[in-house]
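Trainee: coords please:
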Amino acid sequence: MRLSAALLVMMLALPLSAADHTIAVVGLVHSHVWGHLNKMIKGEPAKLVGVAETAPELVAEAQKRGVPADLITADWKKMIDEKKPEIVWAFVENNRHLEIVQYCAPRKIHVIFEKPLASTYKDAIAIRDLAAKNGIYVLCNYQMAWWPANYAAEEVAKSGQLGDVWRIRGIVGHGGPGGPTGLNKYFFEWLTDPVKNGAGALVDFGCYNALWSLMYLGRPETVYAQTNQLRPSEFPKVEDNATIILHYPKGVAVLEGSWDLPRSFQDLEIFGRKGSIYMVNGKVEMRQGRETKEVPLKPLPPSEAEPIAYMINCIETKTAPKGMTSIELNAGVVEIIEAAKESVKTGKAVRLK
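Mentor: This is a model prediction of the structure:
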């Protein structure tokens, strides 16, 4: 008996294994879900305990991909109360993010969202405050948060090799969100809705750029934005191209987000007086005068290389998500986007309070 008691004490002292962590999915209307669901089905790195969705086509697709029928339900609140997941990853419309946190936070359930944090700044602040009040973590997921290139570029910028960083230029976008056909119709319907998404390309890709601006230059003094509706027959309710200019006491950010580009872009250039850093996924270049040299990339540790593993690491270490996925930075992103929308309406730069 003494040996068994000792073993029990040791077992209780050990951290949870990946299999002991549980996750549930709320909603399948965000197409990013299909890039993450397979890992969850395999229990990597957390066990999938439930999926909530009402659209028959999306439910059928989830089952086709391997989600057991008995894990799928139409009632997301009932699923949460019955399954009691440790983590909820919500693939829902942006204007539903607050609703999810309002239900999960009092139940001490941590939440992951696809970017942006919310459709409005008011909702973003409410999410931030609920998370703090209830002691949960909210992680805002960007695929670029898991790129070694982002951290290599940031390391060079902070090293002083460029001089003081005073300017960034970001361009993010592609040819658009497709059309209202097949499974994509569920994603397309809300992404091109100014309330459910928050805007069009201004939100969809402006949030990446706003995040970079906060990382490198901090909170701006003023936000000026202009938009274009180049394809009104395809996107009658929202803009498909947006340009945002952020001004700082000693700097500027020129940010472009578009659904009208001939190929995909997630490119950032960071400028100092001594040189610049050009960053894309998988590559970072240091540019000084006419010389260009590639910056070596370091692989991210497994606990920081993808969203579920990172959330598990945050839970186990009792450390809130930091940097690009942090709630504070992403509340700031929504503040910038909301100011940009106001600037589009008024035709004037908006000074942040």
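Trainee: give me the low-pLDDT residue ranges for the protein?
Mentor: Applying pLDDT under 70 to the chain flags the ranges 1-19.
Trainee: cutoff 90 now
Mentor: Counting by pLDDT under 90, the chain has low-confidence residues at 1-20, 44, 353.
Trainee: how's it carved up into domains?
Mentor: Structural domains annotated on the chain: 2-142, 145-302+325-351, as defined by automatic domain parsing.
Trainee: just how off-centre is the shortest one within its chain?
Mentor: Mean C-alpha position of domain 2-142 versus that of the full chain (C-alpha atoms, centre = their mean, to the nearest Å) differs by 15 Å.
Trainee: how about stretch 153-167?
Mentor: The answer for stretch 153-167 is 24 Å, by C-alpha atoms, centre = their mean.
Trainee: and stretch 206-222, by the same measure?
Mentor: Relative to the centre of its chain, stretch 206-222 is centred 14 Å away, using C-alpha atoms, centre = their mean.
Trainee: which one of the domains of the chain lies closest to Ile308?
Mentor: Nearest of the domains of the chain to Ile308, taken as C-beta to C-beta: domain 2-142 at 5.4 Å. Every C-beta, even on glycine, is put in place using the N, C-alpha and C of the backbone.
Trainee: alpha carbons only: can I get stretch 190-208 in PDB?
Mentor: Only the C-alpha atoms of stretch 190-208 are listed here, as PDB (Å, rounded to 0.1, in the frame of the first residue of the first chain):
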ATOM      1  CA  TRP A 190     -20.300  35.800 -43.700                       C
ATOM      2  CA  LEU A 191     -16.900  37.000 -44.900                       C
ATOM      3  CA  THR A 192     -18.600  39.300 -47.300                       C
ATOM      4  CA  ASP A 193     -21.000  40.600 -44.700                       C
ATOM      5  CA  PRO A 194     -20.100  44.000 -43.100                       C
ATOM      6  CA  VAL A 195     -21.600  43.000 -39.800                       C
ATOM      7  CA  LYS A 196     -20.700  39.300 -39.400                       C
ATOM      8  CA  ASN A 197     -17.100  39.900 -40.600                       C
ATOM      9  CA  GLY A 198     -16.800  43.600 -39.600                       C
ATOM     10  CA  ALA A 199     -16.000  44.800 -43.100                       C
ATOM     11  CA  GLY A 200     -14.400  43.100 -46.200                       C
ATOM     12  CA  ALA A 201     -10.800  43.000 -47.200                       C
ATOM     13  CA  LEU A 202     -10.100  45.800 -44.700                       C
ATOM     14  CA  VAL A 203     -10.800  43.400 -41.800                       C
ATOM     15  CA  ASP A 204      -9.800  40.100 -43.500                       C
ATOM     16  CA  PHE A 205      -6.300  41.300 -44.400                       C
ATOM     17  CA  GLY A 206      -5.900  44.600 -42.600                       C
ATOM     18  CA  CYS A 207      -5.700  42.800 -39.300                       C
ATOM     19  CA  TYR A 208      -2.400  41.100 -40.300                       C
END
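Trainee: give the buried residues for it.
Mentor: Residues of stretch 190-208 classed as buried by neighbour count (16 or more other C-beta atoms under 10 Å): 190-194, 196-208.
Trainee: where along this protein do the helices fall?
Mentor: In the chain, the helices defined using DSSP state H lie at 2-13, 37-41, 56-64, 76-83, 97-104, 121-134, 148-159, 184-191, 201-204, 206-217, 307-317, 327-346.
Trainee: and the last one, what's buried?
Mentor: So the one you mean is helix 327-346. Going by neighbour count (16+ other C-beta under 10 Å), the buried part of helix 327-346 is 327, 329-341, 343-344.
Trainee: before we move on, the earlier item: as TSV, the domains of the chain with distance to Thr317 would be great.
Mentor: Converted to TSV, the domains of the chain look like this (distance: least, C-beta to C-beta, whole Å):
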stretch	distance to Thr317
domain 2-142	9
domain 145-302+325-351	13
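Trainee: wait, Thr22 touches Ala46, no?
Mentor: Yes - assessed by C-beta atoms under 8 Å, Thr22 is found in contact with Ala46 at 6.0 Å.
Trainee: overlap in contacts of these two?
Mentor: Residues touching both Thr22 and Ala46 (C-beta atoms under 8 Å, 6 or more residues apart in numbering) are 86-87.
Trainee: distance check, the closest residue in space to Val195 that isn't next to it in sequence against Val203.
Mentor: Residue nearest to Val195 in three dimensions, not counting chain neighbours: Asn95, with 5.9 Å by C-beta to C-beta, 6 or more residues apart in numbering. Applying C-beta to C-beta, to the nearest Å, the value for Asn95 to Val203 is 11 Å.
Trainee: give the intersection of the neighbour lists for those two.
Mentor: Joint contacts of Asn95 and Val203 (C-beta under 8 Å, 6+ apart) are 119, 197.
Trainee: returning to that earlier point: what sits against the residue nearest to Val195?
Mentor: Neighbours of Asn95 in contact, by C-beta under 8 Å, 6+ apart: 118-120, 123, 195-198.
Trainee: same deal with Ser213?
Mentor: Taking C-beta under 8 Å, 6+ apart, one finds 168, 170, 220, 246, 253, 255, 336 in contact with Ser213.
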